[in-house]
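1. sequence below, structure please.
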Amino acid sequence: MNPGDDQDRSAVHYKHTTLSGWGHFPALDCDLYRPEKVSELAEIVTGNSSSVIARGSGRAYGDAAVNGGNRVACLTRLSRMLAFDAESGILRCEAGVTLGEIIEVFMRRGFFPAVVPGTRFVTVGGAIAADIHGKSHHRDSSFGAHVKSFTLMLASGEIRRCTREENSDLFWATLGGMGLTGVIMEAEIVLRRVESAWLQGETVVASNIDEAIEAFERFDPIYDNSVAWIDCLSKGSALGRSALDVGSFAAPDGLPSSKRQQPFRISHPRRPTVPFNFPAFTLSGPMVRTFNSAIYINYRRSAGHKLFDYESFFFPLDSIGNWNRIYGRRGFVQYQCVWPLAESRAGLIETLEAITNTGRGSFLAVLKKFGQQQGMLSFPIPGYTLALDFPVADGLMEFLERLDAMVLSRGGRVYLAKDARMRAETFAAMYPKLAEWQQVKVSADPSNRFSSSLARRIGLSPQ
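-> Numbers count the residues shown, from 1 in each chain. Sure thing, here's the model as predicted:
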């Protein structure tokens, strides 16, 4: 679409630019809009016949918020907090508000988002569209479990309120629906009460994958949150060696005396920034193996009972600006999969052995346990999930297709908010409620106005 195109009836300014997700792969040309008013957003949605997708902070890793050759509506300027009920903990806000902004305002008042992912820079709209999960999924389920309602702008410009009782089909199709049912405008979300900014917990070192699973099973009934770093290049009896961090928000009387008077105060050290894309040799198998060995040794030295501040526990990578540059100019793909509980051990062993055999190491490899889940296209199922970062390199896509086949054969699935390359037939086989979701999509968006590069690639919308 060009600025003079007769089909463009919208007067809202846009910029033709190259967009990508957080992984910098793929990077595609799009027309980017930044509406400041609801009326401007309505013009963008209804103003011409080409497709559009909403975008928040751009923290989806792949092409979920990219719309190659078409339009993207960035909602970060629609970011007001509208109302808060301290008795119920219900916050009403616009979709462009980030979880970090919510924490900045409400942590000191004793409230925290019920579910957070590994970064605080995700918007509320993005959290709903991806139905994000966190370190407490075994207890709290996903973000959607704490959404009371949201308003959705349809392709016609009509705005509908969606709850579990009102427009319930749209509610469940939008949670995890990757922005393809409409544009999320506002949401009511339930914040959890906390008494401090600190978590009491432990670091537990596991010498192999069996010890890691045993640690999750032992500590998950005790602590609200759990996550493990896992060495994806260890072999033999050390396959899957890990370090598990567990913790729950602490009460003031459980804090050291120096912190009891100001339990919500933590220090904010200066944040280093990765100034340039790292060269390819820093991502080689031997370098990653050396790096992982150093991390494991450090965890062994620091194991035991700990007091974590919420930033270092929930958002460790946010302390490094532009950390995605570590993976070099070509970018990276994050691969996150989950297996049913009965298949998780075998699936983890099979996947880790495949990685070690190819030497495609990951600097950042994370293991978590999921609990119960609702939602038509929501990613989690009860079982174990593994997230891995791979720099884009020759042969990577073929290798990831091999992993897809392994995961699928055990009844698992891949996370859409991280995906940048899955095939349509693989996706359809992994998500059994796809047909149900498509019925809602056709009803809500018969002209397929809402689309993205991800949607076209995996068959969620026509080419």
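
2. the nearest residue to Asp131 once chain neighbours are set aside: how many residues sit nearby?
-> Sequence neighbours aside, Gly176 is the residue nearest to Asp131 in space, at 3.7 Å (criterion: C-beta to C-beta, 6 or more residues apart in numbering). All C-beta spots, glycine's among them, are computed from the backbone N, C-alpha and C. Using other C-beta atoms under 10 Å, Gly176 has 28 neighbouring residues.

3. which SS state does Gly176 fall under?
-> coil (DSSP: H, G, I helix; E, B strand; the rest coil).

4. quick one: contacts for it?
-> 129-131, 142, 144, 375-379, 416 (C-beta atoms under 8 Å, 6 or more residues apart in numbering).

5. rerun at 6 Å
-> 131, 375, 377-378 (C-beta atoms under 6 Å, 6 or more residues apart in numbering).

6. quick one, which of those residues are buried?
-> Neighbour counting by 16 or more other C-beta atoms under 10 Å classes 131, 375, 377-378 among the contacts of Gly176 as buried.

7. quickly name whichever of those residues is closest to Leu460.
-> Leu377 (8.5 Å; C-beta to C-beta).

8. for that closest one, give its distance to Trp437.
-> According to C-beta to C-beta, to the nearest Å, Leu377 and Trp437 sit 5 Å apart.

9. what's around the nearest residue to Ala429 once chain neighbours are set aside, how many residues?
-> Closest residue to Ala429 apart from its sequence neighbours, by C-beta to C-beta, 6+ apart: Leu408 at 5.7 Å. Neighbours of Leu408 under the rule other C-beta under 10 Å: 17.

10. and the contacts of the helix or strand containing Leu408?
-> With secondary structure defined by DSSP states H and E, Leu408 is part of helix 396-409. By C-beta under 6 Å, 6+ apart, the surrounding residues in contact with helix 396-409 are 335, 337, 350, 390, 421, 426, 429-430.

11. let's go with 10 Å and repeat that
-> The contact list for helix 396-409 (C-beta atoms under 10 Å, 6 or more residues apart in numbering) reads 25, 330, 332-333, 335, 337-339, 343, 346-347, 350-351, 354-355, 358, 360, 386, 388, 390, 393, 412-414, 419-423, 425-427, 429-430.

12. residues touching the closest residue to Ser50 other than its chain neighbours, list them.
-> Residue nearest to Ser50 in three dimensions, not counting chain neighbours: Asn70, with 5.0 Å by C-beta to C-beta, 6+ apart. Taking C-beta under 10 Å, 6+ apart, we find Asn70 in contact with 1, 28-31, 50-53, 451-453, 456.

13. please, where are all the helices along the chain?
-> Using DSSP state H, the helices of the chain run over 38-46, 99-106, 124-129, 137-140, 168-174, 209-219, 257-260, 285-302, 310-314, 341-358, 396-409, 424-430, 434-444, 453-458.

14. list the buried residues in the first one.
-> Neighbour-count burial for helix 38-46, with 16+ other C-beta under 10 Å as criterion, is recorded at 38, 40-46.

15. any stretches of the chain with poor pLDDT?
-> 1-11, 463 (pLDDT under 70).

16. hmm, which two among the contacts of Gly176 are most spread apart?
-> Asp131 and Leu377 (7.9 Å).

17. and for those two, which residues touch both?
-> Contacts common to Asp131 and Leu377, judged by C-beta under 10 Å, 6+ apart, are 172, 174-178, 416.

18. of these, closest to Arg289?
-> Distances from Arg289 to these, taken by C-beta to C-beta, are shortest for Leu416, at 30.6 Å.

19. ok so, going back, how about the contacts of Asn70 in JSON lines, adding neighbour count and distance to Arg109?
-> Below are these laid out as JSON lines (neighbours: other C-beta atoms under 10 Å; distance: C-beta to C-beta, whole Å):
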{"residue": "Met1", "neighbour count": "16", "distance to Arg109": "45"}
{"residue": "Leu28", "neighbour count": "15", "distance to Arg109": "41"}
{"residue": "Asp29", "neighbour count": "14", "distance to Arg109": "43"}
{"residue": "Cys30", "neighbour count": "27", "distance to Arg109": "39"}
{"residue": "Asp31", "neighbour count": "23", "distance to Arg109": "40"}
{"residue": "Ser50", "neighbour count": "16", "distance to Arg109": "44"}
{"residue": "Ser51", "neighbour count": "23", "distance to Arg109": "41"}
{"residue": "Val52", "neighbour count": "27", "distance to Arg109": "36"}
{"residue": "Ile53", "neighbour count": "27", "distance to Arg109": "34"}
{"residue": "Ser451", "neighbour count": "22", "distance to Arg109": "40"}
{"residue": "Ser452", "neighbour count": "29", "distance to Arg109": "36"}
{"residue": "Ser453", "neighbour count": "23", "distance to Arg109": "40"}
{"residue": "Arg456", "neighbour count": "19", "distance to Arg109": "43"}
